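Engineer: Generate a structure from the sequence data that follows.
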Amino acid sequence: MPTYVASSSPSSLLHRNNTLQKLEGNEGKKLNDKINDVAKKIEKDAPIQRLLKEFDEVSEQRHQGLRTYLDSLRLRANSTGIDGFTISVLDTAWQTWEKLKEYFSSKGLSLEVPDACPGESDNFMYTWSKGEHYLECEIFGNKEIEFFYQNRNTSEVWGEDTTLEQEFSTAVLEKAALFAW
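Structural biologist: As a prediction, the model looks like this:
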């Protein structure tokens, strides 16, 4: 009988991701047993549990901070765009963040809250940066979204345009996953 094991990334062990991969035979059973042993140790390790709780609390504070920041910008924005951005771009920015956050949450992961700032041409920018990885998400008042990724070590660059009405592509989600835990 085939054995199913949880995805073996550290995040999936810590968050009990329910994504399963099929592994056959004795090798699959051994790997499954090892994963279960590590998961049990993590569950019993109070320092790790405290650290995870602190990460969750900081993430929630940053999430609320982003919401507060966007709400504060509403006071300056107006529908004519005189201040450089509209309420539409702020709404699209929040919806974009929520869509990304919910996707990773459904996978048992937390996406880092991005740095954020408005532009002068009815656009809003989210950025993530970790090690050699850099990702930006530029959001426009017309509800268009542009993703741009750069690996600072390899000079790899990638970009993709989308909208909220479309599902985020596998490439977008893979790049964003670099900033999830």
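Engineer: Neighbours of the residue lying closest to residue 110 once chain neighbours are set aside, how many?
Structural biologist: Residue nearest to residue 110 in three dimensions, not counting chain neighbours: residue 59, with 5.2 Å by CB to CB, 6 or more residues apart in numbering. Any C-beta I mention is one placed from the backbone N, CA and C, and that applies to glycine too. Per other CB atoms under 10 Å, the neighbour tally for residue 59 reads 16.
Engineer: which SSE is residue 59 in?
Structural biologist: helix 46-74 (DSSP states H and E).
Engineer: and if you look at residue 117?
Structural biologist: For residue 117, the secondary-structure element it belongs to, assigned by DSSP H and E, is strand 115-118.
Engineer: Tell me the helix or strand right after that strand.
Structural biologist: Heading C-terminal from strand 115-118 (DSSP H and E), you reach strand 123-130.
Engineer: ok, which stretches of this structure are strands?
Structural biologist: 3-6, 20-23, 115-118, 123-130, 133-140, 144-151, 157-163 (DSSP state E).
Engineer: Serialize the ones you listed to TSV and add fields for mean pLDDT and mean neighbour count.
Structural biologist: Below are the strands of the chain laid out as TSV (pLDDT from 0 to 100; neighbours: other CB atoms under 10 Å):
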stretch	mean pLDDT	mean neighbour count
strand 3-6	33	18
strand 20-23	48	12
strand 115-118	91	16
strand 123-130	95	18
strand 133-140	96	20
strand 144-151	97	18
strand 157-163	97	13
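Engineer: Nearest to residue 90, out of the ones you listed?
Structural biologist: Nearest to residue 90, of all the strands of the chain, is strand 123-130, at 6.8 Å by CB to CB.
Engineer: Direction included, what does that closest one pair against?
Structural biologist: The strands that strand 123-130 pairs with in its sheet are strand 115-118 (antiparallel), strand 133-140 (antiparallel) (by DSSP bridges).
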